[in-house]
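Visitor: Fold the following, please.
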Amino acid sequence: MEARTAEAPTRRSTRRSTRRPPRRGDARTTDATRWDIQGLRAFAVLAVVCYHLWPHALPGGFVGVDVFFVISGFLITGHLLRELVATGRIGLAGFWSRRAKRLLPGAFLAIAATGTAVLVWVPSALWGQYSRELIASTVYLQNWQLAADSVDYLAQGNQASPFQHFWSLSVEEQFYIALPLLLLVALWVGRRLRRSTASPTLVARLVLGAVVVLSLAWSIVQTETAPGVAYFSTATRAWEFALGGLAATVPLAAARSTTTRWARSGAAWLGVVGLVVSLFVITGSTPFPGIAAALPAVAATLVVLFGGGSALQAVGRFAPIAFLGRISYAVYLWHWPAVVILPLALRHDLTTEDRLAILVGAVVVGSVTTLCVEEPLRFSPWVRALRPRRVALYGVVSTVLVVALGAASLTALHVQQVQDAEFARELRTGHVACFGAAALISSATPCVNPRLADVRVPAAANAVADDSNRTPCWSNDSSAFHVCQLGPRSGYTKHLIAIGDSHNNVLVDTYERIARQHDWRIDVAGHQSCYLTTAQQAAGSQQQVDDCTGWKRNAMSYLRAHPDLDAVLVTHSTGNGPVAAAGGRSADETVVDGLVAAWRAATDVGIPVIALRDNPTARKDVVACVGQMSGPTTGTCDSPRSTALQPFDGSAQAVARTPGRARLIDLTPYYCTATTCPAVIGGVLVHRDQTHLTNTFAVTLAPYLGTAIAGALTALRK
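Guide: A predicted model of the protein is given here:
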């Protein structure tokens, strides 16, 4: 994030902008520093930090990032245009070298310190994710790492990482690489076409205007169709930089000559009002960026365009505001790692005192970083004299060293994962007594194996990948009804199909064991956040909703076309793909209505329905919590039964409304006692995230689920 000097025409004034604001009586009579932009930086970083600490109090604080995007576009475009006008060229090596000198020291220091803190305080369960994001942040590709994770089935249970905030810095660095190249190419084309000297300012306006139109249009489309990717994508954010860049093509003198003083001041303050309003009218439920990002982006553009000649100069010159703007980059770097790591180190959620400590600490550490690291390096004669080639060399060496920290963590984690995976495999295949669901925790005589007292498999570091879902069994971002076959290809005694969302497909290996044990054929069809119901599910973008609706329609058509099936197994997550109330019915009633109506596609052609109640939920940090255990397993990470089973499932009610044609299977006794749902049962970690079972635990359910299905089939034949 470009949190450095405001627009300044000379090196001397650029350096002065980092010092104290001028006072009356100073010998200097003019001050070219854009203090209004310094104040805008202070506003932006304070909005972001307060949002991260108190999101409910400031629901739209994340738009501070958009403000930084506009500021960066304005300043960098201004620098490039002045060089183009003065020399007719852009020294790419020199430009990128200056960016590196300004931004890399603080960023690499924060990344290295955070990586060290991860090794000290964060459970190894999170090292894999955090190390990957450390590397992505170091090479400024974190936004694309997060965009990929947003559509990655296995990554969707990821916790926020202490490097996550580097996504915006990555977008900015990509902008710094692309903009000068784009301007040079456009200027060359313009001169070739016109066979004369093309105006750099005109070329910049045309290029930036095109970027605004195309990027904003794509942002609106992708926010609707793929919101997870859209939030982090450079393509959906480029227009905000370009909008600030367009403002830089309007000289301050021209802005003053074409508008009255009152009009300029009014426009600047209108921008301030727009920024304040955006903090409250934009929330986490607002589709973003899309068209909603126009409010903070346009408001920030009004400030940078007209604030220089307004009273905002005096506001930004106020010493505390000016200083916060000066250290805003460092504050942004340091605050977020503390928000993520401190709860893990303290082993409790952040209290008000903790949040205040983070706020103060971020300012203190940010001040030290700025005053003792960034600015001394930035203004050092030795650093200033470095040629671009030497800067590139030092940058590469620093990058390699920081990346090595993440690579070392990944290597150590991989060794541990291999060892733990082998141990877990031995346990699963070695007929260990009381392993997993065989502990029979709700029985009057539970099974206890002392050898499993300090066993927790899969290891927390392996949990997120401990999943049995398979591509042939899965439909994602598509309405296609994909079906995979488990068990014998021929000669089977029963033919069933299991249909549902990801909670259905975590049981793929479980279904396969049941099929082999009972000589059945079990087909599996699953879809992300979508299950067999006629109710409208509001999950994700409109495109995802449409895909889900089409998939459910295809599922029901499939059932009507296969009346020879012996049963359809159905299950669904109580947390994904929420159902909204409809037809004057409550949300819970709508859930039941949707199940009953969808099941008729099977029951009307003689296929009985076997409904499996959803598994309990766990605490959000269950994997990290278990990862912090040492020695014998304790109940520290367990969930109260009342909380774990609180979400409404609706299967029991739907079965009651489908008498003689549907049966319910409830495996809760294998998950929970009368009061508690343990995080670890029989030496097995039950959940890989808050709602999904680990495959290791799921397969231990096979004997009990298979027996229950056989009993249901017998009962439904009577």
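Visitor: what's the neighbour count on the residue lying closest to residue 89 once chain neighbours are set aside?
Guide: Excluding the flanking residues, the one nearest residue 89 by C-beta to C-beta, 6 or more residues apart in numbering is residue 83, at 7.5 Å. For glycine as for every other residue, the C-beta is placed from the backbone atoms N, C-alpha and C. Neighbours of residue 83 under the rule other C-beta atoms under 10 Å: 17.
Visitor: Now residue 83. Its backbone dihedrals?
Guide: Main-chain dihedrals, residue 83, degrees, to the nearest 10: phi -70, psi -40.
Visitor: OK, contacts around it?
Guide: 89, 90, 91, 95 (C-beta atoms under 8 Å, 6 or more residues apart in numbering).
Visitor: out of the residues you listed, which are buried?
Guide: The neighbour count (16 or more other C-beta atoms under 10 Å) marks 90, 95 as buried among these.
Visitor: So residue 492, which state does it fall into?
Guide: coil (DSSP: H, G, I helix; E, B strand; the rest coil).
Visitor: so what's it up against?
Guide: Neighbours of residue 492 in contact, by C-beta under 8 Å, 6+ apart: 515, 519, 520, 521.
Visitor: Can you tell me which of those is closest to residue 330?
Guide: The shortest gap between residue 330 and any of the contacts of residue 492 belongs to residue 515, at 58.3 Å (C-beta to C-beta).
Visitor: Flag every buried residue along the helix or strand harbouring residue 72.
Guide: Element membership of residue 72 [criterion: DSSP states H and E] is helix 64-87. Residues of helix 64-87 classed as buried under the neighbour-count rule (16+ other C-beta under 10 Å) are 64-81, 83-84.
Visitor: Quick check: next helix or strand after it?
Guide: Next element after helix 64-87 (DSSP H and E): helix 92-121.
Visitor: Are we agreed that residue 658 is in a strand?
Guide: No. Going by three-state DSSP, the assignment for residue 658 is coil, not a strand.
Visitor: so it makes contact with residue 609?
Guide: Yes. Shown here, residue 658 and residue 609 form a contact pair, counting by C-beta atoms under 8 Å, at 6.5 Å.
Visitor: Please name the residues that touch residue 177.
Guide: Counted by C-beta under 8 Å, 6+ apart, residue 177 has contacts residue 96.
Visitor: before we move on, back to that, gap between the residue nearest to residue 89 and residue 342?
Guide: Residue 83 sits 44 Å away from residue 342, going by C-beta to C-beta, to the nearest Å.
Visitor: Equivalent analysis for residue 271, please.
Guide: For residue 271 relative to residue 342 (C-beta to C-beta), the value is 35 Å.
Visitor: which of those two has more neighbours?
Guide: Between residue 271 and residue 342, residue 271 has the larger neighbour count (other C-beta under 10 Å), namely 25 against 20.
Visitor: Isn't the more buried one up against residue 297?
Guide: No. Using C-beta under 8 Å, residue 271 is not in contact with residue 297; the gap is 10.4 Å.
Visitor: check which helix or strand covers residue 184.
Guide: Here residue 184 is assigned to helix 166-194, by DSSP H and E.
Visitor: ugh, typo on my part, it should be residue 605
Guide: Applying DSSP H and E, one finds residue 605 in no helix or strand.
Visitor: Who are the contact partners of it?
Guide: 559, 560, 563.
Visitor: which ones among those residues are found in helices?
Guide: 559, 560 (DSSP state H).
Visitor: Would you format the contacts of residue 605 as CSV with pLDDT included?
Guide: As requested, the contacts of residue 605 are arranged in CSV below (pLDDT from 0 to 100):
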residue, pLDDT
559, 97
560, 96
563, 95
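Visitor: The contacts of residue 605, buried ones only, as a ChimeraX selection?
Guide: Buried residues among these (16+ other C-beta under 10 Å), as a ChimeraX selection:
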select :559
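Visitor: quick one: which of residue 658 and residue 609 has more around it?
Guide: Ranked by neighbour count (other C-beta under 10 Å), residue 658 and residue 609 place residue 609 first, with 29 against 19.
Visitor: returning to what we had before: what is the mean pLDDT for the helix holding residue 72?
Guide: The pLDDT scores in helix 64-87 average 93.
Visitor: With stretch 248-255 instead?
Guide: The average pLDDT within stretch 248-255 is 69.
Visitor: Over to stretch 284-293?
Guide: Mean predicted lDDT for stretch 284-293 stands at 93.
Visitor: which parts of it are buried?
Guide: Buried-residue list, stretch 284-293, by 16+ other C-beta under 10 Å: 286, 287, 288, 289, 290, 292, 293.
Visitor: what does stretch 471-491 give?
Guide: 473-477, 479, 481-487.
Visitor: which residues are contacting it?
Guide: So stretch 471-491 is contacted by 151, 153, 470, 497, 505, 508, 511-512, 515-516, 519-528, 530, 543-544, 546-551, 553-555, 558 (C-beta under 8 Å, 6+ apart).
Visitor: could you measure residue 49 against residue 360, distance?
Guide: 11 Å.
Visitor: Quick check on these two: which one has the bigger neighbour count.
Guide: It is residue 49, of residue 49 and residue 360, that has more neighbours when counted by other C-beta under 10 Å, with 26 against 10.
Visitor: which element is the more buried one on?
Guide: Counting by DSSP H and E, residue 49 is found in helix 35-53.
Visitor: On the pLDDT front, check residue 26 for me.
Guide: Residue 26 is given a pLDDT of 47.
Visitor: Residue 541: what's it in contact with?
Guide: Residue 541 touches 223, 224, 225, 226, 227, counting by C-beta under 8 Å, 6+ apart.
Visitor: Backbone dihedrals for the second one, both of them.
Guide: Dihedral angles phi and psi of residue 224 (degrees, to the nearest 10) take the values phi -80, psi -40.
Visitor: burial count for it?
Guide: 15.
Visitor: what sits against it?
Guide: 287, 290, 541, 542, 543.
Visitor: got any ranges where the stretch 1-150 of the chain has weak pLDDT?
Guide: Applying pLDDT under 70 to the stretch 1-150 of the chain flags residues 1-31.
Visitor: Ok, the stretch 551-700 of the chain next?
Guide: Checking the stretch 551-700 of the chain against pLDDT under 70 turns up 576-578.
Visitor: Would you verify that residue 448 is located in a strand?
Guide: No. Counting by three-state DSSP, residue 448 is not part of a strand but coil.
Visitor: gap between it and residue 698?
Guide: Here residue 448 is placed at a distance of 22 Å from residue 698 (C-beta to C-beta).
Visitor: Who has more neighbours out of those two?
Guide: residue 698 (27 against 13).
Visitor: wait, isn't that one in contact with residue 504?
Guide: No. Using C-beta under 8 Å, residue 698 is not in contact with residue 504, being 11.1 Å away.
Visitor: any shared contact partners between those two?
Guide: By C-beta under 8 Å, 6+ apart, no residue touches both residue 698 and residue 504.
Visitor: quick one: contacts for the closest residue to residue 78 other than its chain neighbours?
Guide: Nearest residue to residue 78, sequence neighbours excluded (C-beta to C-beta, 6+ apart): residue 248, at 4.0 Å. Residue 248 sits next to 7, 73, 74, 75, 77, 78, 81 when contact means C-beta under 8 Å, 6+ apart.
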